[in-house]
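Trainee: below is the sequence, then the predicted model.
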Amino acid sequence: MGNRMVINTHVCDVFIAEALAILQSLQFASEMGFTMVVVEGDSGMVISK
């Protein structure tokens, strides 16, 4: 596996922060060679879009 830490500055909305976290996680998974991932989060609005 692996890990990554990203500091996102100037994010003033929790919706945007959650969306960025999911996007960056999916990018990392892709770089690691994963082709199928399960996304879980507490913001249904972000995941459903």
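Mentor: Structure received. Numbering: from 1, shown residues only.

Trainee: state the distance from residue 33 to residue 24.
Mentor: Applying Cβ to Cβ, to the nearest Å, the value for residue 33 to residue 24 is 17 Å. Using the backbone N, CA and C atoms, a C-beta is placed for each residue, glycine as well.

Trainee: ok, these two, which is more surrounded?
Mentor: Taking neighbours as other Cβ atoms under 10 Å, residue 33 and residue 24 compare with residue 24 leading, 14 against 6.

Trainee: may I have the secondary structure class of the more buried one?
Mentor: helix (DSSP: H, G, I helix; E, B strand; the rest coil).

Trainee: most centrally placed residue in this structure?
Mentor: residue 22 (1.5 Å; Cα atoms, centre = their mean).

Trainee: from what I can see that residue touches residue 48, true?
Mentor: No. Using Cβ atoms under 8 Å, residue 22 makes no contact with residue 48, being 11.5 Å away.
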